[in-house]
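> Need coordinates for the following:
(2 chains)
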Protein chains: 2
Amino acid sequence: MGTREWTNPRSGESRTLVISDHSKWEVLEIALASRRAWDGFRHYPSHERARVLHIIADALGSSAPEVVPLADEECALGLPRLTGEVARTSFQLRMFAEALEKNELLPPEIDLSDAAGPPAGRPELVRHYVPLGPVAVFGASNFPFAFGVLGGDFASALAAGCTVVVKEHSAHPRLARRLVEITRAALHSAGENPDLILSVRGTAAGAELVRAPEIAAVGFTGSLSGGRFLFDLAVSRPTPIPFYGELGSVNPVIVSRKAAHTRAEEIGRGFVDSLLLGAGQFCTKPSVLCYPEGSSVLDYVVDALSQASPVPLLTPKIADAYTRQVAKISASKATNLLKMPAPDRMGAWVAPAVFQTSVAEMLSESSAVQEECFGPAAVVVPYSTDEEALTLASQGGGALVGCVHGEDGDLLAGELVRALATRTGRVVWNGWPTGVSVAPTQMHGGPYPAATVPGATSVGLHAAARFSRPIVFQAVPPALRPAGTAV
Amino acid sequence: MGTREWTNPRSGESRTLVISDHSKWEVLEIALASRRAWDGFRHYPSHERARVLHIIADALGSSAPEVVPLADEECALGLPRLTGEVARTSFQLRMFAEALEKNELLPPEIDLSDAAGPPAGRPELVRHYVPLGPVAVFGASNFPFAFGVLGGDFASALAAGCTVVVKEHSAHPRLARRLVEITRAALHSAGENPDLILSVRGTAAGAELVRAPEIAAVGFTGSLSGGRFLFDLAVSRPTPIPFYGELGSVNPVIVSRKAAHTRAEEIGRGFVDSLLLGAGQFCTKPSVLCYPEGSSVLDYVVDALSQASPVPLLTPKIADAYTRQVAKISASKATNLLKMPAPDRMGAWVAPAVFQTSVAEMLSESSAVQEECFGPAAVVVPYSTDEEALTLASQGGGALVGCVHGEDGDLLAGELVRALATRTGRVVWNGWPTGVSVAPTQMHGGPYPAATVPGATSVGLHAAARFSRPIVFQAVPPALRPAGTAV
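The predicted structure is shown next:
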């Protein structure tokens, strides 16, 4: 058995975990086992898939007293937030289950036959959706439940009729493993194949998993560098496979003049609240706040910030990366609004930081203020003209979400919405980007690098389409069509 | 100006065309012009997009007397077939236009707000679809209209709100150019921006087009080698873009014992008819016919084949490739059922060829009988057990379409349908694979290499989804949402 060092992000205490990475050959065996399990699962009709999702939601719910404290020890996100996240994750599993029960997930479509139909007569066509095959899931460290082992990628892949091989995240080595064990035990007890979920450990094992011939698609939430590396592997296979990656996002918030005038305090404080959720480790955090020059929004930002304290990040490595990125922003044309003393505690503690910069710096392609900074840091930018505000909304990379704060009859606000819509997957009006609703039509994705596939979402019912493919049955009698399709 | 040699496929007569490939810089300029046109077109509401599609359908229809003979001279597919193809292509453009007019193309979806909704209350979410941007279209040589300049990729991209840059196909150098000119003139006359369609010429120019930063997606129909080359370029860009390629297919047809007994003549002759359509140059041609050993299906195949004559292929180069592939199959463990004398005419003439081979050879991975042969060649395989028939149905690469000929109460037939469904995009019952209906739910795609994106179709209304991405507006007042979305 191998060992791995693990450091408690709150206390800094280190422990040696007895844990082995999987070898290349083990990964290939695991992918093969997933494929064998899929050969049975692919034929499950909708209501049997739904049953499997409910079994897992139940198991997660009843294991909360064990897994929430374990997650908190590993990730330092706090018991209330992690308890809520378990509820969200169970809800998500059940949302897919209920859609399957009502035949609302990827419903079939029919073109009736029409002998006289243009351009040359037409046979009956029935469009069904079939699962792609075993899916590799690389969860995120910042949402150990909702975007982790049993998160949106897992739920949607299973709902689509795929089996899943999870890459256990190195930031929660015991939790990831435990969630897999709990799920397998629950499936086994219910008479289902535990191999519907399997897992691999280790960075090299993750890469092997993406290369494994049995893997039919990948879901990934994580960093740009790690995600692009795996994306490149997926698309350079002899048979390329879809890689659905969420690789990071710099999310803009634009405040109109009218809104800044009417609701300066609400907006200034709301921004800091949203920024500090989960210690700023949300992919949807408000990264850039653009406000009218001279507005008191800034005063409320500074005031709210002055009440903030250092926070532990997920891991010491993430804290180091945060500290380096904050230093890089400090060295650019940006001013730290309220420099807090560096935390003197062991572990993964860092101080929140909000920088003010100019429109010119924000638009300068090589500036550090344009890069994603994972943790409780953000940039605020005063604009002096409407044109500058619009430029800030429309320029910049692909993002998961953008927000506009505006008022009724606010002419600029409509233009800001349209400008943000050109480069984001979601536009929020008078709200904050954090807190992605688990709702059927939700869109959590966007132009690259927010997502590697511009139309794909990892939240909401449409997430299941990523792991399905349509097949049309032409004049095939109903009794002869496969049972495993969602009808 | 550069020149290019062109050979008439029927007569063998060569001509020098005065025609230049585009340079890298010209391609970048063209992509930029397409982007500028898109900056206007992206805001078109549905009914204005529909109007543009009707303008183009009208222009194509009225230019038929000019472009059909031109296409026939270049491609030798015959006037009746090409006249029908123009009708199909116009119909396809109008199908998208009518779906837009009825707001049935990518309709918006809504989740109403629900303050009490689980897991944590939820805001109103409205899901719209927005166009990706300028699309590069590489049409096929075998359908100069329906999968060419104004074919399915063009129609669906425009319907989605994208502009198009076409790569003119080298197999129809004058037709491709003329279709672009006719379309641009019609757009100009109607007061629309002619740059909604632009084109580039030359192999290197095509590669540059895929690399051009303004290009947001690619539609491709063609060979495995050319398609994979361009796919690799698309996914290795700094910002990868979706590449929707159809790269070839070996399409299986399986005849059950009962069907072979009841309808031997209909099936044997039907197979040869379907095979010879378009001189066997359909991506959906029946490539492999599996029939029960000893059945008289084979006699009717041979009889129908004995009435066939040499045919001109699209180009001398394609004829050469066909001749080489047929020689390769002859050198494998396969018997030519009816060896015709090699055509002694100049141009691109070839003789149809049907080979008989064994189940073992058909399943042998390296055999030439497993490779796609573009042209009027096919393989027939007698099976002796039901198990062999099922293996033939399920083993083999991804394919666009598979067919089963069966009878009522034919137990094996259902299993064959299910086996074919595991590796095809369409399964046909008691019919032939050629003749892809232009119908809303149609699926023309399938597992790799049939398509590079397993869920994508290049025919039917779903084709437009390839060139769109969803965006969710969270609590955004209706008046502030972009006008260009399909509502």
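> residues in the stretch 151-300 of chain A within reach of chain B, list them.
A:216, A:231-232, A:235-236, A:239-240, A:242 (Cβ under 8 Å from any Cβ of the partner chain). C-betas here are computed from N, CA, C, even on glycine.
> Tell me the pLDDT of A:Met1.
Reported pLDDT at A:Met1 in the predicted model: 65.
> where in chain A is pLDDT low?
Within chain A, the set of residues satisfying pLDDT under 70 comprises A:1, A:483-487.
> In the stretch 251-400 of chain A, which residue sits nearest chain B?
Across the stretch 251-400 of chain A, the shortest distance to chain B (Cβ to the nearest Cβ) belongs to A:Gly398, at 8.0 Å.
> Chain neighbours aside, what residue packs nearest to that residue?
In space, and not counting its chain neighbours, A:Gly398 is closest to A:Pro447: 2.9 Å by Cβ to Cβ, 6 or more residues apart in numbering or on different chains.
> Within the helices and strands, which one has A:Gly227?
Assigned by DSSP states H and E, A:Gly227 belongs to helix A:224-235.
> got the angle between that helix and helix B:224-235?
170 degrees (axes from the mean of the first three to the mean of the last three Cα atoms, to 10 degrees).
> any residue of the biggest helix by length in chain A up close to chain B?
Scanning chain A for the helix with the most residues, using DSSP state H, yields helix A:79-101. Yes. Shown here: helix A:79-101 in contact with chain B (Cβ under 8 Å from any Cβ) through A:84, A:87-88, A:91.
> what about stretch A:382-390, distance to the chain center?
Relative to its chain's centre, stretch A:382-390 lies at 31 Å (Cα atoms, centre = their mean, to the nearest Å).
> Pull up the distance across stretch A:454-470, start to finish.
19 Å (Cα to Cα, to the nearest Å).
> For that stretch, which residues meet the burial criterion?
Buried residues in stretch A:454-470, counted by 16 or more other Cβ atoms under 10 Å in any protein chain shown: A:454-470.
> next one: stretch A:15-24
Buried, per 16+ other Cβ under 10 Å, within stretch A:15-24: A:19, A:21-22.
> And stretch A:199-210, by the same measure?
Those would be A:199-202, A:205-210, for stretch A:199-210 by 16+ other Cβ under 10 Å.
> Give me the subset of the residues you listed lying in strands.
In strands, defined here by DSSP state E, the members of these are A:199-200.
> In the stretch 201-350 of chain A, what residue spans correspond to helices?
Ranges of helices in the stretch 201-350 of chain A, per DSSP state H, counting those that start in this stretch, are A:203-211, A:224-235, A:257-262, A:264-276, A:297-306, A:316-330.
> List of residues touching the first one?
Contacts with helix A:203-211, where a contact means Cβ atoms under 8 Å, 6 or more residues apart in numbering or on different chains, come from A:21-24, A:26-28, A:30-31, A:136, A:138, A:165, A:167, A:170, A:200, A:215, A:218, A:229-230, A:233-234, A:237, A:243.
> rewinding a little: output the buried residues of stretch A:15-24 in a markdown table, with secondary structure and distance to A:Val404 appended to each entry.
What follows is the buried residues of stretch A:15-24, written out as a markdown table (DSSP: H, G, I helix; E, B strand; the rest coil; distance: Cβ to Cβ, whole Å):
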| residue | secondary structure | distance to A:Val404 |
| --- | --- | --- |
| A:Ile19 | coil | 46 |
| A:Asp21 | coil | 46 |
| A:His22 | coil | 47 |
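> Need those in TSV (columns: distance to B:His188).
Shown next, in TSV, are those (distance: Cβ to Cβ, whole Å):
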residue	distance to B:His188
A:Ile19	68
A:Asp21	63
A:His22	62
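> Also within reach of chain B: list those from those residues.
Counting by Cβ under 8 Å from any Cβ, no member of the buried residues of stretch A:15-24 reaches chain B.
> care to break chain A down by domain?
For chain A, automatic domain parsing gives the domain ranges A:3-247+A:451-480, A:251-429.
> before we move on, back to that, show me which of the residues of the stretch 151-300 of chain A next to chain B are buried.
Applying 16+ other Cβ under 10 Å to these flags A:216, A:231, A:235, A:240, A:242 as buried.
> Leaving out chain neighbours, which residue sits closest to the third one?
Read that as A:Val235. B:Val235 (4.2 Å).
> The one you found is in contact with B:Pro242, isn't it?
No. Between B:Val235 and B:Pro242 there is no contact, the gap being 9.0 Å when judged by Cβ atoms under 8 Å.
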